[in-house]
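>>> no sequence on hand, only this structure:
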């Protein structure tokens, strides 16, 4: 079967993420509207929650490449509830503002795959990402507890700027185990 999608892999690479604190809010399957978390993202943007996280981190912003971007962080493990977090990576030890939760991550390697296409087509493209990883010798795998951690990174210069074809770029990132 031929792939007729207009979504294309632009770049695939590994990145080292220093020890970091993810600050955000956790959602579950019951928070989905039409199968997606778009309504939660609208709430975040309307209430400027990202600014609260940026203020808590002292404006640390990019303490590693693209770390200042909004993140949709996901955790999946067979037999356990799916977790979807919206928030940002901050330096380790960042104070957590009231109303937010956090997750701490040790220094990690992540696989990154930039997908370019219309916004309506660039989400939930795990098969395409895994194929690109395989072609580039990158192996995403679950952590020691059997859970997969992965995220969509909404990098300002790539995600928010539409090109002449009406396409944007979304970073799909997986922890490499």
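Received it, and whenever you're ready, just let me know what you need. Computed from a predicted structure; not experimentally measured.

>>> you'd agree residue 129 is up against residue 113?
Yes. Contact criterion C-beta atoms under 8 Å: residue 129 and residue 113 qualify, at 4.5 Å. For every residue, glycine as well, the C-beta is placed using N, CA and C.

>>> I figured residue 17 was touching residue 109, is that so?
Yes. Taking contact to mean C-beta under 8 Å, the distance of 7.4 Å between residue 17 and residue 109 places them in contact.

>>> okay, these two: which has more neighbours?
In terms of neighbours (other C-beta atoms under 10 Å), residue 17 is the more surrounded of residue 17 and residue 109; the figures are 20 against 13.

>>> check contacts around that one.
Residues in contact with residue 17, defined by C-beta atoms under 8 Å, 6 or more residues apart in numbering, are 64, 67, 89, 105, 107, 108, 109, 110.

>>> which of these has the largest number of neighbours?
Sorting the contacts of residue 17 by how many neighbours each has (other C-beta under 10 Å) puts residue 89 first, at 30 neighbours.

>>> what's the helix or strand for that residue?
Under the criterion DSSP states H and E, the helix or strand holding residue 89 is strand 83-91.

>>> same check on residue 127?
Here residue 127 sits within helix 126-135, counting by DSSP H and E.

>>> from the chain's centre, how far out does that helix sit?
16 Å (C-alpha atoms, centre = their mean, to the nearest Å).

>>> how about the strands in the protein?
For the chain, applying DSSP state E gives strands covering 8-17, 20-27, 71-76, 83-91, 101-105, 108-117, 148-153, 168-175.

>>> figure out which of the ones you listed is closest to residue 138.
strand 108-117 (4.3 Å; C-beta to C-beta).

>>> ok, now how distant is residue 171 from residue 112?
Counting by C-beta to C-beta, to the nearest Å, the separation of residue 171 from residue 112 is 6 Å.
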